[in-house]
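Participant: missing the sequence, but the structure's below:
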């Protein structure tokens with residue numbers, strides 16, 4: 001009876017576990033730069049996020065008289081290519097008004113730098129440049145993390 005109960009609990013996990021056929025984590029290196037109208041770099045930020053294929057990451061930055069809200073969803077096409085689904089919003093810190101919004105999908109190679117410029121390009125706000133690089137990390141056991 002005890003063995004049957006254990007099989008009943010564990011077997012459905014293997015049967016219905018969500019798998020997408022790809023192995024390993026995806027590392028997303030993000031570099032965000034804020035450039036003034038005179039091409040002077042006001043500030044920059046480097047960060048790294050980890051995800052799996054078809055799982056979005058969020059980026060929320062404040063501090064350049066505006067706020068950047070971005071989501072990036074990498075979808076692994078094959079061992080060399082990834083589809084990036086991105087959306088970004090620039091909001092005014094003073095009024096909360098949406099200054100610019102964009103949604104894009106593009107295909108890129110792993111370890112290839114993708115530059116989004118300009119994210120914001122209005123006279124009253126500096127230009128925001130976002131650079132992404134997607135790397136595949138193989139040999140990581142996602143189940144035990």
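Facilitator: Happy to help now that I have it. Keep in mind it's a predicted model, so treat the numbers as computed, not measured. Numbering: from 1, shown residues only.

Participant: quick one: the helices in this protein?
Facilitator: Assigned by DSSP state H, the helices in the chain fall at 2-16.

Participant: can you pull out the strands in it?
Facilitator: For the chain, the strands defined by DSSP state E cover 25-35, 41-51, 57-62, 66-76, 81-92, 98-109, 113-116, 127-137.

Participant: Can you give me the buried ones in the fourth one?
Facilitator: Neighbour counts over strand 66-76 (16 or more other C-beta atoms under 10 Å) mark 66, 67, 68, 69, 70, 72, 73, 74, 75, 76 as buried. C-beta here means a position set from N, CA and C on the backbone, and glycine is covered the same way.

Participant: picking that back up, dump the strands of the chain into JSON lines; add mean pLDDT as well.
Facilitator: Formatted as JSON lines, these follow (pLDDT from 0 to 100):
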{"stretch": "strand 25-35", "mean pLDDT": "89"}
{"stretch": "strand 41-51", "mean pLDDT": "89"}
{"stretch": "strand 57-62", "mean pLDDT": "89"}
{"stretch": "strand 66-76", "mean pLDDT": "90"}
{"stretch": "strand 81-92", "mean pLDDT": "90"}
{"stretch": "strand 98-109", "mean pLDDT": "89"}
{"stretch": "strand 113-116", "mean pLDDT": "88"}
{"stretch": "strand 127-137", "mean pLDDT": "87"}
